[in-house]
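Chemist: The following comprises the amino acid sequence and a computationally predicted model.
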Amino acid sequence: MGWEEAGIAWSDRASDWAGLMEPHFLPVYEALAAAVPIRPEARVLDVGCGAGLGLSVYTARGAVCAGIDASQGLLDIAGDRVPTAELRHGTMLDLPWPDGSFDAVVGVNAFVFADDGALGEAHRVLRPGGTLALGYWTDPGDFAWPMSALRGALEPFVTAQDIATPLRTADPEGRRSALLGAGFRPRQDGHVEAATTFADRSSAYRALASTGMIYPIVQAGAEGELRERTEVWLQGRDDPGTRFWSTFGWTTATRA
């Protein structure tokens, strides 16, 4: 789907994403803030900023933040969370800022396709010597089964190209090649673990189903089977089915 369609999809359950799912990413936002490192008055662009949790972390460190996302619904929440941030509704393939505007560009599960031009745009808006910082799933952990189930449920409604996976970025050679090809010098890599405990199984399902990827299934009125399968899986877990863990990788690179 195009970025406009993706934006509609991610807006559909923006509140669930912001309140239930996005907090799981807090450790990787904090890891990126420390790895850049983000200093007071640094100009930072968060690509795919979502509901603004990352922006709130960077702003707390004194950064002057901007963010862009395809989802207006998520941006509305981000604006409430971080009213000082300059937020734009648009695509990462055409960033609406001049060359050399930022000291750092960050993105968590945003730069999924290595060859779509997004890294080139990030390079353009960074000042010379500026830092690109990427966060991405390396091991989805407890999210692996729901991700696989969602992917299977989507197959009748979308093409294979429409099912992007953030795990693509986790391939070291592919990531390094993409960064070098876009004019970056890879600098540092690391990992961080994340764990989230949901209030109950219902909340866990709402979190898992808050991704924009589910939208074609919802539009087709076909969510019932996926929900039933997921609830059976949640009931069969050893814990109450509410604590989820995963591992994120992070990478920094310098604009050559």
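Modeler: Arrived safely, thanks for sending.
Chemist: Report the residue spans of this structure with pLDDT below the cut-off.
Modeler: 1, 113-115, 160-164, 166, 240-241 (pLDDT under 70).
Chemist: In contact with the residue nearest the centre of it, which residues?
Modeler: Among the residues of the chain, the smallest C-alpha distance to the mean C-alpha position (Cα atoms, centre = their mean) belongs to N109, namely 3.6 Å. Each residue near N109 by Cβ atoms under 8 Å, 6 or more residues apart in numbering is listed here: 25, 48, 135-137, 166, 169. For glycine as for every other residue, the C-beta is placed from the backbone atoms N, C-alpha and C.
Chemist: what comes up buried for stretch 73-89?
Modeler: Under the neighbour-count criterion of 16 or more other Cβ atoms under 10 Å, stretch 73-89 has 73-79, 82, 85, 87-89 buried.
Chemist: Tell me the helix or strand right after the helix or strand where V192 lies.
Modeler: When elements are assigned from DSSP states H and E, V192 belongs to strand 184-197. Using DSSP H and E, the helix or strand that directly follows strand 184-197 along the chain is helix 201-208.
Chemist: Now do the strands in the stretch 151-256 of the chain.
Modeler: In chain order, the stretch 151-256 of the chain shows strands spanning 184-197, 243-255, with DSSP state E, counting those that start in this stretch as the criterion.
Chemist: winner for burial among these?
Modeler: Relative to the other members of the strands of the stretch 151-256 of the chain, strand 243-255 carries the highest mean neighbour count by mean count of other Cβ atoms under 10 Å, namely a mean of 21.
Chemist: how about the helices of the chain, start to end?
Modeler: Here the chain has its helices, by DSSP state H, at 3-11, 14-16, 26-35, 53-60, 72-81, 118-125, 144-154, 172-181, 201-208, 215-219, 223-235.
Chemist: These into CSV, with extra columns for distance to F102?
Modeler: As requested, those are exported to CSV (distance: least, Cβ to Cβ, whole Å):
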stretch, distance to F102
helix 3-11, 20
helix 14-16, 25
helix 26-35, 14
helix 53-60, 11
helix 72-81, 17
helix 118-125, 6
helix 144-154, 31
helix 172-181, 17
helix 201-208, 31
helix 215-219, 31
helix 223-235, 39
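Chemist: Minimum distance to D99: which of those has it?
Modeler: For the helices of the chain, distance to D99 was read as Cβ to Cβ. The smallest value, 5.5 Å, belongs to helix 118-125.
Chemist: Thank you, goodbye.
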